[in-house]
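In: Structure for this input, please:
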Amino acid sequence: MAIDPSPGTPEEWTATVVGHHRLRHDLAVIRLIGEFVPFTAGQSVEVRVPQQPEVRRRLSPALPPSLDGKLEFHVRTVPGGWLSGTLVADTQMGDEWRISAPAGLFRVDPAGDEVVMIAGGTGLAPMRSQILELARVPEPPRTYLFVGGHSPRDLYAADMLSLLAEQLPWLTVVPVVQSVTDPGWVDEWYERSRVDIGFAPEDLFQGTLAEVIGSHGAFAAHQVLVCGSPAMVHATVNRLLETGTPAERIQFEGLQ
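Out: Now for the predicted structure:
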């Protein structure tokens, strides 16, 4: 659903935190409800929070726009980041956020070619938003979601993605890890949030996202979207180009 703010639309909207789910030591899923924000699935928005009201940070909603004002953000701590650590550790129920400045270039044509989405870490958020948007059309294009992490427990949304792939016959999820075993140290937040639904060890592809994507050859007739850390995006886009995917077929965005 592409939305263009009309004249007189406010430049800032408010939303209240109704859920703060710490899934990893460095990652949280934050849910809010409030005023309708006129963004487009795949875009990012600027947020201000009460803990550091003078700091602005861009985040990508993990839900498409909804008239009931529901928002969801996936936030990972960025070393040296001004705000990410605060959002992960200190967000409280009832916090009022200020949302503004929808922006971004990700666009999926629901009547177009097959889609390849490549998400590193919380780069999953704008991909999920667009998948749920595609689910609203009668005949979505076949969509392949490659989602990557360093180890299996970095795939923080494995349960949600497994269920989503079962519900949407046109969606294939490809989990990618650099190591098939988790680190030896205990992440208490991971242990608290563990569930039985997720990816089986035999479902995992080992390597970086760039390596696994490169092994599939050119995506010359696909809509290709890439989102993740700047290093992951750089490596993956370069690999896509090296293996013959046309540059005009690739949309990409690095996380701040």
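In: Strands along the stretch 101-250 of the chain, start to end?
Out: 114-120, 143-149, 171-177, 205-206, 222-228, 250-254 (DSSP state E, counting those that start in this stretch).
In: out of those strands, which comes closest to Leu132?
Out: strand 171-177 (10.4 Å; C-beta to C-beta). Every residue, glycine included, has its C-beta placed from N, CA and C.
In: Could you tell me the angle between the closest one and strand 143-149?
Out: Strand 171-177 runs at 20 degrees relative to strand 143-149, counting by axes from the mean of the first three to the mean of the last three C-alpha atoms, to 10 degrees.
In: strands paired with strand 171-177, and their directions?
Out: Using DSSP bridges, the strands paired with strand 171-177 in its sheet are strand 143-149 (parallel), strand 205-206 (parallel).
In: Quick one: neighbours of the closest residue to Arg56 other than its chain neighbours, just the number.
Out: Spatially, and ignoring its direct neighbours in sequence, Arg56 is nearest to Glu46 (5.1 Å; C-beta to C-beta, 6 or more residues apart in numbering). Residue neighbour count, defined by other C-beta atoms under 10 Å, stands at 15 for Glu46.
In: related to what we said a few turns ago, please name whichever of the strands of the stretch 101-250 of the chain is nearest to Val186.
Out: Of these, nearest to Val186 by C-beta to C-beta is strand 143-149, at 17.3 Å.
In: CSV please, covering the strands paired with strand 171-177 and showing mean pLDDT.
Out: Conversion of the strands paired with strand 171-177 to CSV gives the following (pLDDT from 0 to 100):
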stretch, mean pLDDT
strand 143-149, 98
strand 205-206, 98
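In: Tabulate the ones you listed (CSV), appending mean neighbour count and distance to Ser66.
Out: Below are these laid out as CSV (neighbours: other C-beta atoms under 10 Å; distance: least, C-beta to C-beta, whole Å):
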stretch, mean neighbour count, distance to Ser66
strand 143-149, 23, 21
strand 205-206, 14, 33
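In: now those in JSON lines, with distance to Ala157?
Out: Below are the strands paired with strand 171-177 laid out as JSON lines (distance: least, C-beta to C-beta, whole Å):
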{"stretch": "strand 143-149", "distance to Ala157": "8"}
{"stretch": "strand 205-206", "distance to Ala157": "17"}
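In: one step back: ok so the residue nearest to Arg56 is a strand residue?
Out: Yes. Counting by DSSP: H, G, I helix; E, B strand; the rest coil, Glu46 falls inside a strand.
In: thought it was touching Ser60?
Out: No. The pair Glu46 / Ser60 is not scored as a contact, 11.2 Å apart, by C-beta atoms under 8 Å.
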